[in-house]
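Predicted model and sequence below, questions to follow.
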Amino acid sequence: MSSTEISELRRTIGQLRQCVGALRARYGDVPAVQRLVNDIERIDIDAADFTTTPSAPVPRRAEDAEIVVIPDTPYDPQLWHGADDEGVGGYQR
């Protein structure tokens, strides 16, 4: 992230902090306002990580990904013998 982007992010967080301060003045410390205050603190902590991170991580290349082939053939029915069907009401004996 460039220094311009970080500066813009810091400015926006400051504006958000002011807006939530106005909400706190109007509504008090109701749970919704407390959650917003907590969220802003977390955003601020995450934004600070960008200033300590030396550079953006290198994206993973497609050729480095392992390809797993899943066959289209049906599974052996004995594999599921006695297993519950979730959402269907369970195993009927």
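Noted; the coordinates are in hand. Residues are numbered from 1 along each chain as shown.

Distance of residue 81 relative to residue 75?
11 Å (CB to CB, to the nearest Å). For the C-beta atoms, the positions are set from N, CA and C on the backbone; glycine is no exception.

Oops, could you answer that again for residue 12 instead?
From residue 12 over to residue 75 the distance is 51 Å, taken as CB to CB.

So for these two, which residue has more residues nearby?
residue 12 (12 against 8; other CB atoms under 10 Å).

helices and strands around the helix ranked longest in the chain, which ones?
When the chain is parsed with DSSP state H, its longest helix is helix 3-27. Helices and strands touching helix 3-27, by 3 or more CB pairs under 8 Å, 6 or more residues apart in numbering; DSSP states H and E, are helix 31-52.

Outside of the helix it packs on itself, list whatever touches it.
Residues outside helix 31-52 that contact it (CB atoms under 8 Å, 6 or more residues apart in numbering) are 1, 6, 9-10, 13, 16-17, 20, 23-24, 27.

per-residue confidence at residue 21?
Residue 21 is assigned 95 on the pLDDT scale.

swap in residue 91?
Confidence score, pLDDT, at residue 91: 54.

Also residue 86?
pLDDT, residue 86: 66.

Filter the contacts of helix 31-52 down to the buried ones, PyMOL style.
In PyMOL, this line selects whichever of the contacts of helix 31-52 come out buried by 16 or more other CB atoms under 10 Å:
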select buried, resi 9+13+20
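
Quick one: the contacts of helix 31-52 as a markdown table, columns for distance to residue 40 too.
As requested, the contacts of helix 31-52 are exported to a markdown table (distance: CB to CB, whole Å):
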| residue | distance to residue 40 |
| --- | --- |
| 1 | 19 |
| 6 | 17 |
| 9 | 12 |
| 10 | 12 |
| 13 | 7 |
| 16 | 6 |
| 17 | 6 |
| 20 | 6 |
| 23 | 11 |
| 24 | 11 |
| 27 | 16 |
